[in-house]
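Engineer: with the input below, show me the fold.
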Amino acid sequence: MQKSLDQTFNISLTDHVRQTKTLLRRFAPVLVIGSVLALWQVVTMLAIYPAFIIPPPLVVAERFVEVLLDGRLWLHTQVTLSAVVAGLLIGTTIGAVLGYLIAKNPFLEHSLAPLIVGLQSTPIVAYAPLLVIWFGSGPTSKIVTSALIVFFPTLLSTVVGLRSVPQPLRDLMRSQRATGWQTFTLLEVPAAMPVLISGLKISATLAVIGAVVGEFISANAGLGFLITIARNQYDTPLVLVSVITLAVIARVLYGLVSLLERHVLAWQLRSQRS
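Structural biologist: Numbering: from 1, shown residues only. Modelled structure (predicted):
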């Protein structure tokens, strides 16, 4: 009887610990954000810096409501978001296709490696002015900038993912006389998908950086343009509003990729739990 009670107590204690961990994991981001806001408020109350340099959170919130109601925030967010999404789609598509070709052709890798590495090692702000000269100050240059910055992570994750497919599985597909398309869809894509999704997560956040860099160089709309105007006017609350909006966009894109990961890799998560 005592043993049964002990087992019941241990099970209930384990369930309680598991529920506590789940709650902490769920509310951890809220706690972190709340701590940052509290620290921010304390710094402004201590008046370590002037209010025009570090404005109080309430002032930033009021500025956010102001630009949201007058339509400016949505207008500039829409411009930036359009460039981010277009650049992400174009960059990841080209990176995945070229990554597949490089993974299948070592000669192509040796031929293109110096160009790709040189392009990636150069900061985006270095050749962004050239893109503005070549493609103009419209949305095209921002899309190209965003596509370039997400191209390399996608290419690299594609190459690594495809080359991580175990050779015995390839031999098995070959022994079953599978076609190239069957090998690609039934083996290579599922096996490489975890690495590809990880690269897509990185690309989703980098796409925002690429679009904003292009808007810093030359633009007449967008959150990067809004930051430039606010900086020139020493409107620090508006700068913070724009930066926070960019962070929200990056987090939403990251969350969408995470949802895609849960859907695509559901079989892997089930196998891990079992």
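Engineer: can you tell me the element the residue most central in space within the chain falls in?
Structural biologist: By Cα atoms, centre = their mean, the chain has its centre lying nearest to residue 205, at 2.5 Å. Using DSSP states H and E, residue 205 falls within helix 189-217.
Engineer: how about the helices in the stretch 101-250 of the chain?
Structural biologist: In the stretch 101-250 of the chain, the segments counted as helices under DSSP state H, counting those that start in this stretch are 106-121, 124-135, 139-163, 167-175, 180-183, 189-217, 223-232, 236-264.
Engineer: between those helices, which one is closest to residue 43.
Structural biologist: helix 236-264 (13.4 Å; Cβ to Cβ). Where you see a C-beta, it was placed from the backbone N, CA and C, and this is true even at glycine.
Engineer: now for the closest one, which elements pack on it?
Structural biologist: Using 3 or more Cβ pairs under 8 Å, 6 or more residues apart in numbering; DSSP states H and E, the elements in contact with helix 236-264 are helix 57-69, helix 72-104, helix 189-217, helix 223-232.
Engineer: any chance of CSV for the ones you listed, columns mean pLDDT?
Structural biologist: Below are these laid out as CSV (pLDDT from 0 to 100):
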stretch, mean pLDDT
helix 57-69, 88
helix 72-104, 90
helix 189-217, 85
helix 223-232, 88
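Engineer: among these, which is the most enclosed?
Structural biologist: Comparing the helices and strands packed on helix 236-264 by mean neighbour count (mean count of other Cβ atoms under 10 Å), helix 189-217 comes out on top with a mean of 22.
Engineer: residue 188: neighbour count?
Structural biologist: Look at residue 188: counted by other Cβ atoms under 10 Å, it has 20 neighbours.
Engineer: let me fix that: residue 70
Structural biologist: Using other Cβ under 10 Å, residue 70 has 10 other residues around it.
Engineer: got phi/psi on the closest residue to residue 220 other than its chain neighbours?
Structural biologist: Among residues not flanking residue 220 along the chain, residue 137 sits closest, at 7.1 Å (Cβ to Cβ, 6 or more residues apart in numbering). Residue 137 adopts backbone torsions of phi -90, psi 10, taken as degrees, to the nearest 10.
Engineer: could you measure residue 137 against residue 58, distance?
Structural biologist: 36 Å (Cβ to Cβ, to the nearest Å).
Engineer: swap in residue 147?
Structural biologist: Residue 147 is 39 Å from residue 58, where distance means Cβ to Cβ.
Engineer: wait, residue 137 sits on residue 221?
Structural biologist: No. Between residue 137 and residue 221 there is no contact under Cβ atoms under 8 Å: 10.3 Å.
Engineer: run the chain-centre distance for the helix holding residue 205.
Structural biologist: On the basis of Cα atoms, centre = their mean, to the nearest Å, helix 189-217 sits 5 Å off its chain's mean C-alpha point.
Engineer: same question for stretch 120-132.
Structural biologist: Distance, stretch centre to chain centre, for stretch 120-132: 20 Å (Cα atoms, centre = their mean).
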